[in-house]
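[1] 3D model of this:
(chains A and B)
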Amino acid sequence: MLVEEGFDLAREHEVESLLAISNGYLGVRASLAEGSEFSAPATFVAGIFGVHPGEGSAPELVAGPDCTRLRLVAGGEEIRLESGEALEHRRVLDLRRGVLRREWRHRTPAGRITRIREVRLASLSDRHVILQMVELTPENYGAQVLVESRIEAAVPVPPLTTPPPDLVPLRLAAGPVADAGPPRLALRAQGTDAVIAFAVASTLWPRAAEGRVPEVEAAPGRVAERWEFAAEMGKTYRLVRMVAVHTSRDADAPAGAAAARAARLAAAGAERIVSAHVAAWNERWRAADVEIDGDDDAQRALRFACYHLIAAADPRDERVSIGARLLTGGVYKGHVFWDVEIYMLPFYVFTHPPAARALLMYRWHTLPAAREKARALGWRGALYAWESAATGEETTPPAVVAPDGEVVVIRNGEQENHISADVAYGVWQYWHATGDDGFLLDAGAEILIETARFWVSRVEPGGDGRYHIRHVIGPDEYHEDVDDNAYTNVMAQWNLERALEVVRLVRERWPERWRELERRLGVEPGEPESWGDIAAAMYTGFDPATGLFEQFRGYHALEEVDLAAYDLRSGPADVLLGRERTRRSKVLKQADVVLLMYLLWDRFTPEVRQANFRYYEPRCAHGSSLSPSIHALVAARLGEVEIARHYFRQAAQIDLANNMGNAAGGVHGAALGGLWQAAVFGFAGLHFGQNGPEVGPHLPPGWRGLRFPIRWRGRSMELRASAGPQQEVEA
Amino acid sequence: MKPETIIVPLDGTEQALAALPVARPLADALGATLHVVHVGERALPSRTLLGELGLDAEDVKGFVIDQRTGRAAEEILGYAARQRRPLLVICTHTDTEKPRGTLGGVAEHVLVHAPCGVVLVEPERGRRPWSLRRILLPHDGTPTTAAAMDPAGDLAELTGAEVLVLHVAAPGAPPPVEPGTLTAPRYLDQPQHEWPAWAAEFLGRMCALGHPPSEVRFGLVMATGEPGEEIVRVAREYESDLIVLAWHGVWEARHALTMKEVIRAAPCPELVVRARREGAPG
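    I've put the predicted structure just below:
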């Protein structure tokens, strides 16, 4: 359970994100049903992007209308948190069941006390369905009561903000329909043909009394249902709303499909929705729950992470991926980054392989855009977009005006090329863990080949006989336009090697499929072997004398800055030190070589892992939410359990600390995925030996044990890591 | 709530008169009545009062002129307490021997105990005309400081002035612990997304808490360094006409260091408003 007691207007945007409900298809922020002056409600539907008018605008995930909006009036007084007095107010996210509950007792200025209970869910068993149930009990009065529920297109624009909020206004595609069927509304996202349609089936209980048939209002961009009745003191009234959602991505006539689904829901009843939803969540938790014995805070943080990760993916839809803030907030515009493959994907690979497959298929479907990006920049193969939306085209903005007035040119889209190797890594990890040869043959091999081809065109032979990759940005984005970033080069090297390995495998095991692939991709004789040659001659910046990788060429000559002199809670290092000084220093934004140590663990000796962690960890300012979890993971594997615990706690607080405002625009998907990896691959030390999965735990003091399930090559397993010598793997 | 009475204490020195060129346009913009108050050891005859204060009849057209006897600071505060929605405009000191930026005994006592906002004016600015075109609003990101959004917004709405909110990230300083505080983001994963989102959240949150007029648009800028020095620097670069400071109300040593630095070195008058969140310690 995640409990938010009381009401603090200042924190409302964070609370709306943290307690959001979603199911991979849609997400609903946990806004107050009746709204407040600082509410930012939204319904996000995966894959529905809009575009602001004007040249160069990037697609943005549409902040669709609030489906749970209510207006409650008792005796002529509107019941709102901001007027009168909240005698009790609590919002509870039931992580295990995927249900948001609200309990509220409110006294209006005239003294009317009403008890209100609300339950919401975004069905995990029928992803097109949102269920909202509201109970209202007049405790000390009898009066005429108005209950109005509505869905309207008006985008919630927080007042007085400059620059403008990142919300895409919706314009009406088709008028609301109030015929004999369920009330419905269809809206078109600006600048695209994408349509979202909503249909509602509502019932007010008890049904028998007068006034329980709603008056339906259908105005442009709005559909409302209104009940007005004489409420009796002490009697409980219950509104059940079932909202069906369809889009032009999943139905030819979304409004009709939504209406038909709403009608079916009404016939089936709310109980069936609830029981199927809870059963679906139970099944997902059985496959994903990490149990920690001995640390309640860590347990809570991990369950929070698992909840949002489970809620973020839709295994049915292989044309969408997961945006940086999942379906919980509009910041990052729903854009997809390397976060998916490196930070979130492992969770799905080992707990819900169909979801992992769908995410990787998004990369396969967007290969044409990745090829086009490579071609436009003068290279071959596939260079994935640093930020992508529906089509996979590059959507990284070219610049941003920082709050100090400086225009910062954003070069990630052009230079953060490691994303292609990251995608390849995800493909390999999935195939290795699942043995899904069908995926490898249908999509995975093509991704590996096309990304390898990109690196072939991207490397430059140097006078030293080695291949170099120049003008890149590594994961450490404080240093732009660098040459031979170790992470990029070694990951590219690995990408080339795996592509060759896969070609050899397919050639040998599935010769017919290879001939088809070879013909379709135009693979030249000897081409795959050349990848191996390039990989073998790749410059990596490794110094055998010290065991260190130089993060990029020239890094070791940069200024040392003692980060202990700065309280990095007051701002990121590049703000506190200044961008230019940071660029000239060894200060890192996030795990770079340390991340490399983790991803390619078996490639390095224990001494090399240790040396690089010891060298780079004190120089990292953790200016990215992606950083602490990886440091926790690597520290744990190295047996540095106190350091690991410190970073684990830091990672856990990224969304859950209530004084940072970080989560206002949505929860941090990568940090949540990283937290799960820190527990499973770090503290439990999950690795894959000759006999399959094994654990090699390094538990922090106080942790007595760690238990978690994984899926491995079609089998379900439970792994138990304990502080003692006994470790177990149970299939 | 917009002030309805502007009070300018004058002690008869040339220095004290520096408050008038600031008070007059404020009163005009707010539609407030301007009260000039003199506190002396004995009451002066009406016909000589203006002369004693260094004023002539033309200077005070439309003003209310009043005088009190007794201890200056207490009388000024008592006078303010009896007015409807007062705002005090007072010279920081009138002692010519004291360096610029010094807060005199009367001004300090008035500032610390005032029941209302206080505008502090440097005597060095003399009687040069003053108008309000640019307001600088330093903001530490706490809900308490959001109290300054409303008075700054009111003045902007009435005068058409721009308001620039300034947030200073101070290296080495722990962030405030007040719930609901929003400071510079600790994590800046992708600045192209984080900065616009942070700016929108910062202003949106502070406006929701501070309730300024909805028509007023606030700009936002962030600086890094020692807050007092940065506020003064930005005020100079921005050519601010007024700095609006929210103050928790504790003046003793080691408190209000930022405000003391701003009063010492600011290039323009400061409006100090009391900001105390319900239930928060003083």
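
[2] which residues sit against the lowest-mean-pLDDT helix or strand in chain B?
    Counting by mean pLDDT, DSSP states H and E, chain B has its least confident helix or strand at helix B:46-53, which shows a mean of 83. Helix B:46-53 is contacted from outside by B:10, B:12, B:17, B:36, B:38, B:44, B:56, B:57, B:59, B:60, B:65, B:67, using CB atoms under 8 Å, 6 or more residues apart in numbering or on different chains. To be clear about C-beta, it is placed using only N, CA and C from the backbone, and glycine gets the same treatment.

[3] columns neighbour count and pLDDT on top of the residues you listed, output as a markdown table?
    Below are the contacts of helix B:46-53 laid out as a markdown table (neighbours: other CB atoms under 10 Å in any protein chain shown; pLDDT from 0 to 100):
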| residue | neighbour count | pLDDT |
| --- | --- | --- |
| B:10 | 24 | 92 |
| B:12 | 17 | 86 |
| B:17 | 23 | 91 |
| B:36 | 24 | 93 |
| B:38 | 24 | 91 |
| B:44 | 16 | 83 |
| B:56 | 10 | 84 |
| B:57 | 7 | 81 |
| B:59 | 15 | 79 |
| B:60 | 17 | 81 |
| B:65 | 16 | 90 |
| B:67 | 19 | 90 |
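
[4] among the residues you listed, which lie within strands?
    Taking DSSP state E, the ones among these that sit in strands are B:10, B:36, B:38, B:65, B:67.

[5] out of the residues you listed, who's near chain A?
    By CB under 8 Å from any CB of the partner chain, no member of these lies near chain A.

[6] could you pull out the strands in chain B for me?
    Under DSSP E, chain B gives strands at B:5-10, B:33-40, B:64-69, B:86-91, B:117-121, B:134-138, B:162-169, B:218-224, B:242-247, B:270-274.

[7] take those strands and lay them out in a markdown table including distance to residue B:49.
    Compiled in a markdown table, the strands of chain B are given as follows (distance: least, CB to CB, whole Å):
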| stretch | distance to residue B:49 |
| --- | --- |
| strand B:5-10 | 10 |
| strand B:33-40 | 7 |
| strand B:64-69 | 6 |
| strand B:86-91 | 18 |
| strand B:117-121 | 21 |
| strand B:134-138 | 34 |
| strand B:162-169 | 38 |
| strand B:218-224 | 42 |
| strand B:242-247 | 29 |
| strand B:270-274 | 28 |
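
[8] return stretch A:544-561 as PDB; C-alpha atoms alone will do.
    The C-alpha coordinates for stretch A:544-561 follow below in PDB (Å, rounded to 0.1, in the frame of the first residue of the first chain):
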ATOM      1  CA  PRO A 544      46.300  -2.900 -18.900                       C
ATOM      2  CA  ALA A 545      48.800  -1.200 -16.500                       C
ATOM      3  CA  THR A 546      46.000   0.300 -14.300                       C
ATOM      4  CA  GLY A 547      43.100  -1.800 -15.400                       C
ATOM      5  CA  LEU A 548      41.200   1.300 -16.200                       C
ATOM      6  CA  PHE A 549      39.200   2.300 -19.200                       C
ATOM      7  CA  GLU A 550      39.600   5.900 -20.000                       C
ATOM      8  CA  GLN A 551      36.100   7.100 -20.200                       C
ATOM      9  CA  PHE A 552      36.900   9.000 -23.400                       C
ATOM     10  CA  ARG A 553      40.100  10.100 -25.100                       C
ATOM     11  CA  GLY A 554      41.600  12.900 -23.000                       C
ATOM     12  CA  TYR A 555      39.500  12.300 -19.900                       C
ATOM     13  CA  HIS A 556      42.400  11.600 -17.600                       C
ATOM     14  CA  ALA A 557      43.800  15.100 -18.300                       C
ATOM     15  CA  LEU A 558      40.700  16.900 -17.100                       C
ATOM     16  CA  GLU A 559      40.400  18.800 -13.800                       C
ATOM     17  CA  GLU A 560      39.700  16.900 -10.600                       C
ATOM     18  CA  VAL A 561      36.800  18.400  -8.600                       C
END
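
[9] quick one: contacts of it?
    Applying CB under 8 Å, 6+ apart, the external contacts of stretch A:544-561 come out as A:474, A:476, A:479, A:482-487, A:490, A:540-543, A:577, A:581, A:584-588, A:592-593, A:596, A:605, A:607-608, A:610-612, A:615-616.

[10] where does the prediction get shaky in the stretch 601-731 of chain A?
    Applying pLDDT under 70 to the stretch 601-731 of chain A flags residues A:658-661, A:725-731.

[11] what segments of it are helices?
    Using DSSP state H, counting those that start in this stretch, the helices found in the stretch 601-731 of chain A span residues A:606-616, A:627-637, A:641-656, A:669-677.

[12] cool, and the stretch 151-300 of chain A?
    So, for the stretch 151-300 of chain A - with DSSP H, counting those that start in this stretch - the helices run A:254-268, A:270-288, A:296-312.

[13] in JSON lines, list those along with distance to residue A:363, mean neighbour count and mean pLDDT.
    Formatted as JSON lines, the helices of the stretch 151-300 of chain A follow (distance: least, CB to CB, whole Å; neighbours: other CB atoms under 10 Å in any protein chain shown; pLDDT from 0 to 100):
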{"stretch": "helix A:254-268", "distance to residue A:363": "27", "mean neighbour count": "20", "mean pLDDT": "93"}
{"stretch": "helix A:270-288", "distance to residue A:363": "23", "mean neighbour count": "17", "mean pLDDT": "97"}
{"stretch": "helix A:296-312", "distance to residue A:363": "16", "mean neighbour count": "22", "mean pLDDT": "97"}
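
[14] could I get these as CSV with distance to chain B?
    Putting those into CSV (distance: least, CB to the nearest CB, whole Å) gives the following:
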stretch, distance to chain B
helix A:254-268, 29
helix A:270-288, 25
helix A:296-312, 16
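
[15] mind checking which of those is nearest residue A:676?
    helix A:296-312 (5.4 Å; CB to CB).

[16] could you export the closest one as PDB, CA atoms only?
    This file holds the C-alpha atoms of helix A:296-312, laid out as PDB (Å, rounded to 0.1, in the frame of the first residue of the first chain):
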ATOM      1  CA  ASP A 296      10.600  -2.700   5.100                       C
ATOM      2  CA  ASP A 297      11.600   0.600   3.300                       C
ATOM      3  CA  ALA A 298      13.500  -1.300   0.600                       C
ATOM      4  CA  GLN A 299      10.500  -3.700   0.300                       C
ATOM      5  CA  ARG A 300       8.100  -0.800  -0.100                       C
ATOM      6  CA  ALA A 301      10.300   0.900  -2.800                       C
ATOM      7  CA  LEU A 302      10.700  -2.300  -4.700                       C
ATOM      8  CA  ARG A 303       7.000  -3.000  -4.700                       C
ATOM      9  CA  PHE A 304       6.300   0.500  -5.800                       C
ATOM     10  CA  ALA A 305       8.800   0.000  -8.700                       C
ATOM     11  CA  CYS A 306       7.300  -3.400  -9.700                       C
ATOM     12  CA  TYR A 307       3.800  -1.900  -9.600                       C
ATOM     13  CA  HIS A 308       4.600   0.900 -12.000                       C
ATOM     14  CA  LEU A 309       6.600  -1.400 -14.300                       C
ATOM     15  CA  ILE A 310       3.800  -4.000 -14.400                       C
ATOM     16  CA  ALA A 311       1.400  -1.200 -15.200                       C
ATOM     17  CA  ALA A 312       3.500   0.300 -17.900                       C
END
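
[17] now do that helix against helix A:270-288, angle only.
    For helix A:296-312 against helix A:270-288, the angle by axes from the mean of the first three to the mean of the last three CA atoms, to 10 degrees is 120 degrees.

[18] show me what secondary structure element comes after helix A:296-312.
    Proceeding N to C from helix A:296-312, the next assigned helix or strand is helix A:339, under DSSP states H and E.

[19] what's the spacing between the residue in the stretch 351-500 of chain A that chain B sits nearest to and residue B:207?
    Chain B sits closest to residue A:403 of the stretch 351-500 of chain A, with a gap of 3.6 Å, by CB to the nearest CB. According to CB to CB, to the nearest Å, residue A:403 and residue B:207 sit 16 Å apart.

[20] one more: residue A:393?
    Between residue A:393 and residue B:207 the distance is 36 Å, computed by CB to CB.
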